[in-house]
Every structure is written in C-alpha cells, then in structure tokens.
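# Sharing a sequence plus its predicted fold:
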Amino acid sequence: MAEQQVETAIHPTVYKGDALITPLCEGTNKYKCKFCSKVGDYGHIAAHLQTHRRTAVKHGGFAMYRCNGVCCKSPHFHCCYCGEFRTQPTIMNHVQKCAVAACSVGSLRQTATVSSAASQIATASVASTPLQAISRSKVVQSRAKRTTCPLCKTELYMKNLKTHMDRRHSSSVPDITSNHHLPSQCLDLKKGIFAVGRTFSGL
C-alpha cells in the first residue's frame, strides 16, 4: 500500500488507514526511523518500525503513532481530529470525545447548506449551542502536581507522597534503647570517640 499521510496541519505521526510505513533513507545503507532518532540498516529499521506499528493507537480509520519528537519531553500521541497531544492512558478518551465533536460539526455544516432562508435561520440558532459545547470539551485538565520526597529525593505525584512515606520511610524499627541501638565502632578508646551509624539498615 502507498503511504497516505493525513494533512500536515494535524501531525506527521498521524496516518490514514493501514498505510505502509517505510524508513527514511539518509545515505548509502543508512536509514532512519520516522518517529524517533533510531538509525541503522534497512532491515533493522523496518523491524523497528513494526514495534511502533504495534503500539500505535487506532481509531476511525486513523493510526496515531507514538511521537518522541520536540513537542514534549515524554512520549505522547497526537489526536487525529484536532492535533492535541496526550499520553497513552488519556488519548483514547480524548479521541472519542473529538470524534463526537467532529461528527456534530459535520452534521451542522450539512444542515447549513439548505437553500431556504427560513431553515438557515433555524439551523443558525441550533448551531450556536453545539459549538459552545465543543469549545467546552476542549478544555484541558491541569496536570497532576509532582513533588520530590524529602528523604530519598524520588519524584512522584503529590497524591502518592503519603503512601510513599508510609511504605518506604515509616518506622518499622523499634526505638533506640540500651539493648537496641545504632551500629557503632570505637575510633579512640582513650578519648571515648565512636563512629555511629545513621540508620539500622544501612540505607
């Protein structure tokens, strides 16, 4: 099959149908992947493109390949209807909403072509409400806030910080007593200087 790329206004990673994706030639026996920076011989890159094909999101005759470009630091997918980019877990929900919005806009355009002036006035009043609903559906939710654990410097979502602290940094070790104390080593017996460990576990 020949490659059929959707208009470039959407994104180069969005293709229509089951288009055969081929590597880009960059010289003698040197080929490059269209979706990432991988370079190699033709067979190697053709096999690599099959992994992109397996992870592509398919909807309504479109194939949306994972974009590893300059749009965003993390891998993401571009919507085949509006071009917005989303991550793997949220792209299908977004595309389904955009498909409904695109269908309603398409039906509004068909009803607006009716020749009588009376019907044009009636469809104009009907057309105003769905367009407002479409503009509201494109509101992007704010990203989840991320924070850094003060003890181990791990970056995680704010909602998971309490669980992380309970699981990783909770005190499951008994208190320090005369029978149970931190590991220590004598450095100078005459002066009474000891090197004492900070934790029981050595982490």
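Happy to help now that I have it. Numbers count the residues shown, from 1 in each chain.

# For residue 27, give me the backbone phi and psi.
phi 150, psi -170 (degrees, to the nearest 10).

# for the chain, what spans make up the helices?
Applying DSSP state H to the chain gives helices spanning 42-55, 88-112, 117-137, 161-169.

# Which of those helices has the lowest mean pLDDT?
Looking at the helices of the chain, the lowest mean pLDDT belongs to helix 117-137 (a mean of 49).

# How far does stretch 189-203 sit from its chain's centre?
Remark: stretch 189-203 is offset 47 Å from the chain centroid, using Cα atoms, centre = their mean, to the nearest Å.

# With stretch 170-187 instead?
45 Å.

# go on, stretch 12-29?
In terms of Cα atoms, centre = their mean, the centre of stretch 12-29 is found 22 Å from the chain centre.

# got a list of contacts for that stretch?
Here stretch 12-29 makes contact (Cβ atoms under 8 Å, 6 or more residues apart in numbering) with 1-6, 31-35, 39, 41-42, 45-46, 49, 52-53, 61-67, 69, 77-78, 80, 83. Glycine gets a C-beta too; all of them are placed from N, C-alpha and C.

# Quick one: buried ones out of those?
By neighbour count, with 16 or more other Cβ atoms under 10 Å, these hold 6, 31-35, 39, 45, 49, 52-53, 62-67, 69, 77-78, 80 as buried.

# residues touching the spatially most central residue of the chain, list them.
Nearest to the geometric centre of the chain sits residue 87, at 2.1 Å (Cα atoms, centre = their mean). Applying Cβ under 8 Å, 6+ apart to residue 87 gives the contacts 74, 75, 76, 77.

# pLDDT wise, what is residue 72 at?
According to the prediction, residue 72 has pLDDT 74.

# Leaving out chain neighbours, which residue sits closest to it?
Residue nearest to residue 72 in three dimensions, not counting chain neighbours: residue 85, with 6.1 Å by Cβ to Cβ, 6 or more residues apart in numbering.
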